[in-house]
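> generate coordinates for the sequence data below:
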Amino acid sequence: MTNEHLMRLDSRSYSPGNLERAGTIALLFSWLLLNGTTLSWLFHTVQEISLFSQIILLAGVALLLFQGVRHRQQFRFSAVPVWRWSPLLLLMSGAIGTIAAQWLLMLDQVPVVFALLGTYGLLGLFLESAVWRKGLPIGAAIALIVPFGVQYSTGLGFPTRILTAHVVEFLLKTWHVAALSSEDIIVLDTGVAQIDLPCSGLKSLWTGTLFLLVTTWLERRRFGLRWLVVFVVNLGLLAIANVARVLMLVLVTHVWHQHALAEILHVPLGVITFVAACGVVLFLLRWVPRSIASAQSDRDQTKALSNAKLPFLLAACLLAFTLIPHPPAPAAPPDVTKLHWAIAAQTETIPLTSTEQNFFASYPGVVAYKQRFAYEGLTGSVLLVSSPTLQVHHAPELCLIGSGFHLDHIAPQQFAAGPLARWLSLNEQTKTAVYWFQAPHQTTGDFLTRFWQEASRHESSWTLVSILLDDFHPPNDPTLQVLVTDIYRSLGQILQKA
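Below is the predicted model of the structure:
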């Protein structure tokens, strides 16, 4: 075989078409490699949702496929990626956002949002520019629907309820109404108001954002600085509307004692405030100019960079991102069963109740330990729960109320040389409870502080300490002060060694 023949074979084997296809495969592989962990979480979460939710999700996917086949003439896919600034910017922003969210937040849904947005940016390199821009609001809506739709009550839903309770507490105090928020409840002198999932405001924010995206798509409004301003105003209006609704219901129920009126207003008030906020946003959206698609704009966005170079360049950038290590896994919970009292207290290990056992058994890795104690006239029990997951911890007054205790009063309490905890009066001042959340470098009685410190990766190892006394003891009781301080110090020694 002549050298000339070999050169012709070599040229055919490494033709530009083969090189571009190889670059496309490398680009897709690098994107999957970068988002493997995030997409794996989404896959396993979808398997855990209810059958009804799975059917709805499959129906949505089937509808998208049907529309794609029905309007297939409008879709002009390129076999190789084409340099376009908008999809490329969304692709790289999604990659950077996914990594940043994994390092800065312990909220699984947020990286998934960035990953799905980046996936739509990747699609824009293969899809006709005008069609891609037209479908951008739908792509953004899907990025929000999927991660929060498959896991709605956890993730951001719970902290949103807590934050709503804190805002309502602040507003009540400005009107000289005594109130204290604890987890997702508001404790007043006249009763306890609970902020349930429908009152969290997350559904309103979620649905209102989808409304804005769909309206933007239907009216073909242009994404830009003006649209971003409308988006921020939309979130602000929805949050204000929800807080106003919750505040009104708390005032009507627990301040003005109009329980029947509150039941009547509960649903209509939510609908009215939501519709009013959406109406204002719809009016503001007129301020955003419409998109004008033209062949000239498509040519302006497409640069002359060789298609053979683009996929390899992008694949190299994405592979470089994969070299960034993943955040360290949360540390194993400390062994709180080794708690040693320094004071001369009589202690005895007691078993967890059946309800406690069933609850903690649902979360692997949890260390729960319960003791009965007696110290200089103080008798009661202490429960310590160390957990690698936030879902296990909660404000103990919720369990106390659920167990039949009546909550008289709750107040933050700084114990001398001890923790910043919360003190509770129960059953018409016949029993007392004290609790706090303790980490190696911080202690708090506020669940929102405990949540944010873990979600922002400042403190990942927390232990709940819940003390229930058989009798009433004021927070300044010297014996109670000594008891709480000793448990706090003993547990601190265990946490420092862990």
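
> which pLDDT value goes with Ser306?
According to the prediction, Ser306 has pLDDT 47.

> ditto for Leu237
87.

> gap between the helix or strand encompassing Lys203 and the chain center?
Counting by DSSP states H and E, the element that carries Lys203 is helix 202-218. Between the centre of helix 202-218 and the centre of its chain there are 18 Å (Cα atoms, centre = their mean, to the nearest Å).

> quick one: average pLDDT of that helix?
For helix 202-218, the mean pLDDT works out to 78.

> quick one: Pro440 and Thr485, what's the gap?
Pro440 sits 18 Å away from Thr485, taking Cβ to Cβ, to the nearest Å as the criterion. Any C-beta I mention is one placed from the backbone N, CA and C, and that applies to glycine too.

> test my guess that Tyr375 contacts Ala345.
Yes: Tyr375 is within contact range of Ala345, at 3.9 Å (criterion: Cβ atoms under 8 Å).

> okay, and the common contacts of these two?
Both Tyr375 and Ala345 are in contact with Leu483, where contact means Cβ atoms under 8 Å, 6 or more residues apart in numbering.

> domains of the protein?
When the chain is parsed with automatic domain parsing, its domains come out as 1-150+307-327, 152-293, 336-497.

> these into a markdown table, with extra columns for mean neighbour count?
Below are these laid out as a markdown table (neighbours: other Cβ atoms under 10 Å):
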| stretch | mean neighbour count |
| --- | --- |
| domain 1-150+307-327 | 16 |
| domain 152-293 | 17 |
| domain 336-497 | 17 |
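
> which secondary structure element is home to the spatially closest residue to Phe415 that is not a sequence neighbour?
Nearest residue to Phe415, sequence neighbours excluded (Cβ to Cβ, 6 or more residues apart in numbering): Val484, at 4.9 Å. Per DSSP H and E: Val484 is located in helix 478-497.

> next one: Phe373
Per DSSP H and E, Phe373 falls inside strand 367-375.

> what's next to that strand, contact-wise?
Residues from elsewhere that reach strand 367-375 (Cβ under 8 Å, 6+ apart): 333-337, 339, 341, 343-352, 356, 360, 379-387, 479, 482-483.

> list the strands paired with that strand, with their directions.
Note on strand 367-375: by DSSP bridges, its sheet partners are strand 346-349 (antiparallel), strand 378-387 (antiparallel).

> Three-state assignment for Leu123, please.
The three-state label for Leu123, taken from DSSP: H, G, I helix; E, B strand; the rest coil, comes out as helix.

> what's the helix holding Lys203 in contact with?
When contacts are defined by Cβ under 8 Å, 6+ apart, helix 202-218 is touched by residues 134-138, 140-141, 144-145, 148, 152, 156-157, 160-161, 197, 221, 223, 227, 230-231, 234-235, 237-239, 241-242, 270, 274, 277-278, 281-282, 285, 288.

> so how far is Gln357 from Ser386?
Applying Cβ to Cβ, the value for Ser386 to Gln357 is 16 Å.

> where does the stretch 51-200 of the chain dip in pLDDT?
The model of the stretch 51-200 of the chain has pLDDT under 70 over residues 52-54, 56-57, 60, 64, 67-75, 148-159, 178-200.

> hey, where'd the strands end up in it?
In the stretch 51-200 of the chain, the segments counted as strands under DSSP state E, counting those that start in this stretch are 179-182, 185-188, 191-194.

> narrow the contacts of helix 202-218 to those in helices?
Cross-referencing these against helices under DSSP state H gives 134, 136-138, 140-141, 144-145, 148, 157, 160-161, 227, 230-231, 234-235, 237-239, 241-242, 270, 274, 277-278, 281-282.

> wait, what's in contact with Ser291?
Going by Cβ under 8 Å, 6+ apart, Ser291 touches Arg133, Lys134, Arg220, Arg221, Arg222.

> from Leu212, how far out is it?
Per Cβ to Cβ, Ser291 is found 15 Å from Leu212.

> ditto for Thr379
Applying Cβ to Cβ, the value for Thr379 to Leu212 is 58 Å.

> next: Gly445.
Gly445 sits at a distance of 38 Å from Leu212 (criterion: Cβ to Cβ).

> tell me the secondary structure for Leu441?
Heads up, residue 441 is His, not Leu. coil.

> ok, and the closest non-adjacent residue to it?
Leaving aside its sequence neighbours, His441 sits nearest to Glu459 (Cβ to Cβ, 6+ apart; 6.4 Å).

> that neighbour - that's part of a helix, no?
No: checked against three-state DSSP, Glu459 lies outside a helix; its state is coil.

> pretty sure it is touching Gln442, no?
Yes: at 5.6 Å, Glu459 and Gln442 qualify as touching, with contact defined as Cβ under 8 Å.

> which neighbours do these two share?
Counting by Cβ under 8 Å, 6+ apart, the common neighbours of Glu459 and Gln442 are Gln453.

> pLDDT at Ala396, what is it?
Actually, residue 396 is Pro. It isn't Ala. Value listed for Pro396 in the pLDDT field: 83.

> quick one: it and Ala433, what's the gap?
Taking Cβ to Cβ, one finds Pro396 at 7 Å from Ala433.

> hey, what's in contact with both of the two?
Taking Cβ under 8 Å, 6+ apart as the criterion, Pro396 and Ala433 both touch Ser466.

> check which helix or strand the closest residue to His393 other than its chain neighbours maps to.
Excluding its sequence neighbours, the residue lying closest to His393 (Cβ to Cβ, 6+ apart) is Leu464, at 5.2 Å. Element membership of Leu464, judged by DSSP H and E, is strand 462-469.
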